[in-house]
Structures are given as C-alpha cells and as structure tokens.
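A.B. asks: requesting a structural model of the entry that follows:
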Amino acid sequence: MNRSRAGNFLQWLLRTLLAFVLLLSGAGKLIDGSAAQHVFELLVGEGSSPAVLGRPVVLVLSLVELALAALLIVSRNPRPVLAAVGTLVLLFSLALLSLPVRGIEVPTCGCFGALVPDGSLGVALLRNLGLVILIAAALLRAEARSTG
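C.D. replies: The predicted model follows:
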C-alpha cells in the first residue's frame, strides 16, 4: 500500500470512528436522554427557569450529533466538520469539569443515553480526551491531504 492510500485509509478510519461515537451518543440520548437531561439541569441549576429546557436541549443536541456523524462520512472537506466536533467535545468537557468544581456530584454524564454505560465523570473526561486526540489526528491528516 503506498503512502497516499495509507493516508486516505487512516483519514477514513478516523472519520468513521468519530462518526460511530457521535451516532451512538445521538441515538442513545434519543432512546433515553434522562441522564443527560439531569446533567443539563445540574449545569444550569435545578429549579431554575432554563432547567425546563433540558428535554428540548437534549433532543437538539442528539440531532446535532447525528448530523455531524453523517457529515463526517459524506463531507468532501472534513475540516469544518472536525472542527465543529472538536468544539462540541471541548465544550462538553468544560461543562462536565465545572460540576465537581462547584461541588456537584454526578454519577454519569448521560453522554450515550441508553446505548452505552457511561461510567464515572472521570471515565467520561478520559474518553473525551481520547476523542480530542482522534479529532486532532483527523484534522492533521485532512490538512496534510489538502496541502499534499
């Protein structure tokens, strides 16, 4: 396999892995978004007026994740999509990090809804770190492909 084909395969593999994670996350929350809704309510403050938006926010977020998954697969220029996914993961991570800083304990992030057990907040943050590394690798590969 020559370098170009190997690079194209790596790019395809990274994009497919990220799309699969987004697909699981979006679909899982559509099936059961209650844990994610609870985390949203904790983030904005239980009993506050934005807390009532938990269900619609989780629905929109799930649909955005599914759309990004599809775009990762079909896009001819993946850089903007990868940047959007990276921004989303970093924002989620910052939001999750804010909870223990504020003294709020969360048993799960609810990231994957009904499809994948989320584990602890630490596991979610480590997983997000892995996703950021995959996104960075895919962005670097997309950049190398566009300049080479």
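
A.B. asks: what helix or strand does the residue most central in space within the chain sit in?
C.D. replies: Residue closest to the average C-alpha location in the chain (C-alpha atoms, centre = their mean): V89, at 4.7 Å. Per DSSP states H and E: V89 is located in helix 79-101.

A.B. asks: other residues contacting that helix?
C.D. replies: For helix 79-101, the external contacting residues (C-beta atoms under 8 Å, 6 or more residues apart in numbering) are 15, 18, 22, 39, 42-43, 64-65, 68, 71-72, 75, 105-106, 109, 111, 121, 124-125, 128-129, 131-132, 135-136, 138-139, 142-143, 146. C-beta coordinates here come from the backbone N, C-alpha and C atoms, glycine included.

A.B. asks: now, of those residues, which are buried?
C.D. replies: 15, 18, 22, 39, 42-43, 65, 68, 71-72, 106, 109, 111, 121, 124-125, 128, 131, 135, 138-139, 142 (16 or more other C-beta atoms under 10 Å).

A.B. asks: what is whichever helix in the chain runs longest packed up against?
C.D. replies: Looking across the chain with DSSP state H, the single longest helix is helix 3-31. On a contact count with 3 or more C-beta pairs under 8 Å, 6 or more residues apart in numbering; DSSP states H and E, helix 3-31 meets helix 54-74, helix 79-101, helix 121-147.
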